[in-house]
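Peer 1: Build me a structure from this.
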Amino acid sequence: MTTTSPSDVRPDPPDSSSAEHSLAEFGYRQELHRSLGRYASFAAGFSFISVLTTVFQFFAFGYAFGGPVFFWAWPAVLVGQLLVAACFAELAARYPISGAIYQWSSRLSNLAFGWFAGWIMVIGQIVVVAAAALALQMVLPAIWTGFQLIGTDPAPTSADGAANAAVLGVILLVLTTLVNVVDNRVMSLINRVGVTAEIIGAVLIIVLLLTHSERTPSITFHTEGAAQSGLFGALLVGSFTAAYVMIGFDSAGEMSEETRDPRRTAPRTILTALAAAGLLGGLIVLGGLLAAPSLTDGHLAVDGLSYVLTSSLGDGVGKLLLADVVVAIAVATLAIQTAACRMLFSMARDGQLPFAARLARVNPRTGMPTAPALVVGVLAAALLLLNFASPEAFLAIGTTCIVMLYLAYAMVTGPLLFRRTRGEFTSTGGTDETGSRLFSLGRWGIPINALALLYGLLMTVNLAWPRAEVYDPAGGHWYFRWFTVLFLVITVGLGCLYQWQRAYRGHIVEKRAPLAAPSESS
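Peer 2: Numbers count the residues shown, from 1 in each chain. Here you go, the predicted structure:
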């Protein structure tokens, strides 16, 4: 499979005009089908972010805890994530390889540290798949009550809503797993069509909400109705919504081995996917606050944007736009599952996972790694079963996935900053497939990188902080209050156990190895 390990390759970029030849220089052979163009690469990043999915899923939460002022957390998170994305764009130009976070971290630090970055990232991605699939509950019952298959209360914070969300999510995961097995081109087509529909729908929603405004933008400076006391507390918890939305832009780099001209394409699509999603999402949040029939009747903090669309625009138009949101949720779940599959494939190809040979196998006809798709689908479906235990699982799953990805991102920006300060990362020089210079931050590399790392670490702490009023409002469920911290500790613990088991097994094999036969000269 490989001729070099990630830690054997130095950060100096090879200068090659052939994507296949470039991949060979990293020690890999072309197995995935290289069929994605620039728009398909953009779609990979944008559909993972999926502004309609995530904004509709977490708008009610952000408003409940932050009030109208939670809007201002949006531009703050966008700026922070753009700093991270700029660093990733540099790395995508120099390392156009599947398993982006794992590969980048390994090559900037060492294989052991990079393995933990990849391990945390892939577990986080599996949790994101489950969280995205749960978003159907925020939309489908609002379109037609027949989608409420269990009980009568569609609110995701109720026992009925939580259980129904799990059922709808499992059905969606069956479909996305099937697509992730079928064919690379089918997956790409669905992604492109879905992203186009999502962008059109997002623009329509923004226009209609802004033209049905009930109040002025000055409302965003009000903290009335916020569950958090004070402006700072409202912004900290309100930032969860923006933080959950603006992750996954690295998926454009994740698909590099399937992208034509990846050194040129991936850096640009990483930045444009995040910028487009950030702009559209911010305008949707603002439009929702301006067009809501009431900010104090309690509906906005429970039903979120679905309530705004159907009550302000009427059932007909509102439900038509909600149907577009359903498409966005389905495509987002597909894209996130695809990204997790590529991470599993990349780590398995280096022999860094259990059952590596099977997980690294690519179907030559479809160009898809089948086993990773099944693993991700099954594990994400298993996570959904937590919703049957308690409605608080909905928030616990969503927040946990954000923390996992933020931490994995920091495990890239941290080693990158270390190499920059030591002068060991050359951000200038090298050309892409067209002969143009590779994307580079130049002299701004160190300050941007330092701010990106600081932002990522602070947000990780903010998101994981075990606030009782956020994670266990009803009381009596300490494990949900500490769910994110416990999940992260268990993830790292399992990783340490696996690495210890590998080292121990290698030690035993080495002890049992027969002595080499003496040479004739002796």
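Peer 1: Please make it C-alpha for all contacts and neighbour counts, starting now.
Peer 2: OK.
Peer 1: what helix or strand is Ala330 on?
Peer 2: Assigned by DSSP states H and E, Ala330 belongs to helix 315-349.
Peer 1: for that helix, what is the average pLDDT?
Peer 2: Confidence over helix 315-349 (mean pLDDT, whole number) is 91.
Peer 1: Just the buried positions in that helix, please.
Peer 2: For helix 315-349, the buried set under the neighbour-count rule, 16 or more other CA atoms under 10 Å, comprises 318-319, 321-349.
Peer 1: Rounded mean pLDDT for whichever helix or strand comes after it, please.
Peer 2: Counting by DSSP H and E, the next helix or strand C-terminal to helix 315-349 is helix 356-359. For helix 356-359, mean pLDDT rounds to 94.
Peer 1: Show residues contacting helix 356-359.
Peer 2: With contact meaning CA atoms under 8 Å, 6 or more residues apart in numbering, helix 356-359 is reached by 344-345, 347-351, 369-372.
Peer 1: and with 6 Å instead?
Peer 2: With CA atoms under 6 Å, 6 or more residues apart in numbering as the test, helix 356-359 has contacts from 345, 348, 371-372.
Peer 1: Looking at these, spot the one nearest Ala197.
Peer 2: Ranked by distance to Ala197 (CA to CA), the contacts of helix 356-359 are led by Pro372 at 27.9 Å.
Peer 1: Name the helix or strand for that closest one, please.
Peer 2: Secondary structure assignment for Pro372, by DSSP H and E: helix 370-384.
Peer 1: And the following helix or strand past that helix, what does it pack against?
Peer 2: Per DSSP H and E, helix 370-384 leads on to helix 386-389 as the next helix or strand towards the C-terminus. Here helix 386-389 touches helix 159-182, going by 3 or more CA pairs under 6 Å, 6 or more residues apart in numbering; DSSP states H and E.
Peer 1: other SSEs contacting the helix it packs on?
Peer 2: helix 111-134, helix 370-384, helix 386-389.
Peer 1: Of all those, which one comes closest to Thr216?
Peer 2: helix 111-134 (31.9 Å).
Peer 1: circling back: what lies in contact with the helix holding Pro372?
Peer 2: Residues contacting helix 370-384 (CA under 6 Å, 6+ apart): 126, 130, 166, 170, 177, 181, 341, 359.
Peer 1: distance of the last one from Phe240?
Peer 2: Spelled out, that is Leu359. 34 Å (CA to CA, to the nearest Å).
Peer 1: Ranking helices and strands of the chain by mean pLDDT, which lands last?
Peer 2: Across the helices and strands of the chain, mean pLDDT, DSSP states H and E gives its lowest value to helix 19-25, namely a mean of 71.
Peer 1: Can you name the next helix or strand after that helix?
Peer 2: In N-to-C order, the element after helix 19-25 by DSSP H and E is helix 38-49.
Peer 1: how far does that following helix sit from the chain's center?
Peer 2: 12 Å (CA atoms, centre = their mean, to the nearest Å).
Peer 1: tell me the angle that helix makes with helix 315-349.
Peer 2: Using axes from the mean of the first three to the mean of the last three CA atoms, to 10 degrees, the inter-axis angle of helix 38-49 relative to helix 315-349 is 100 degrees.
Peer 1: Show me where the stretch 201-350 of the chain has its helices.
Peer 2: Here the stretch 201-350 of the chain has its helices, by DSSP state H, counting those that start in this stretch, at 231-245, 251-254, 262-291, 304-312, 315-349.
Peer 1: Could you dump those helices into a markdown table and include distance to Ala43?
Peer 2: A markdown table is the format used below for the helices of the stretch 201-350 of the chain (distance: least, CA to CA, whole Å):
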| stretch | distance to Ala43 |
| --- | --- |
| helix 231-245 | 15 |
| helix 251-254 | 8 |
| helix 262-291 | 8 |
| helix 304-312 | 24 |
| helix 315-349 | 9 |
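Peer 1: Nearest to Thr400, out of the ones you listed?
Peer 2: If you check each of those against Thr400 by CA to CA, helix 231-245 wins as the nearest, at 9.9 Å.
Peer 1: other SSEs contacting the closest one?
Peer 2: helix 51-66, helix 73-94.
Peer 1: State the pLDDT value of Pro14.
Peer 2: pLDDT, Pro14: 41.
Peer 1: Apologies, that question was intended for Ile490.
Peer 2: pLDDT at Ile490 comes out at 94.
Peer 1: what angle sits between the helix or strand harbouring it and helix 111-134?
Peer 2: The secondary structure element spanning Ile490 is helix 483-512 (assigned by DSSP H and E). If you take the same axes, to 10 degrees, helix 483-512 sits at 140 degrees to helix 111-134.
Peer 1: which parts of helix 483-512 are buried?
Peer 2: Buried positions in helix 483-512, judged by neighbour count with 16+ other CA under 10 Å: 483-485, 487-488, 491-492, 495, 499.
Peer 1: Check stretch 150-160 too.
Peer 2: For stretch 150-160, by 16+ other CA under 10 Å, it's 150, 153-160.
Peer 1: same deal with stretch 136-154?
Peer 2: Residues of stretch 136-154 classed as buried: 136-143, 147-150, 153-154 (neighbour count, 16+ other CA under 10 Å).
Peer 1: how long is that stretch end to end?
Peer 2: Terminal-residue distance, stretch 136-154 (CA to CA): 11 Å.
Peer 1: contact partners of that stretch?
Peer 2: Here stretch 136-154 has contacts from 160-161, 164-165, 319, using CA under 6 Å, 6+ apart.
Peer 1: Just confirm Val362 contacts Met368, I think it does.
Peer 2: Yes: if you go by CA atoms under 6 Å, Val362 and Met368 touch, sitting 5.5 Å apart.
Peer 1: Please name every helix or strand in contact with the helix holding Ala330.
Peer 2: helix 38-49, helix 111-134, helix 356-359.
Peer 1: which residues sit against the first one?
Peer 2: Outside helix 38-49, the residues within contact range by CA under 6 Å, 6+ apart are 192, 195, 245-249, 251-252, 265, 269, 273, 332, 335-336.
Peer 1: ok, those vs Phe439, which is closest?
Peer 2: Thr265 (10.1 Å).
Peer 1: what number of residues lie near the closest one?
Peer 2: 25 (other CA atoms under 10 Å).
Peer 1: Give the full set of residues in contact with it.
Peer 2: Shown in contact with Thr265 (CA under 6 Å, 6+ apart): Arg38.
Peer 1: mind checking how far it is from Pro96?
Peer 2: Distance from Thr265 to Pro96, by CA to CA: 10 Å.
Peer 1: Quick check: Ala380 vs Val412, distance?
Peer 2: Here the criterion is CA to CA. By it, Ala380 lies 25 Å from Val412.
Peer 1: Done for today, thanks.
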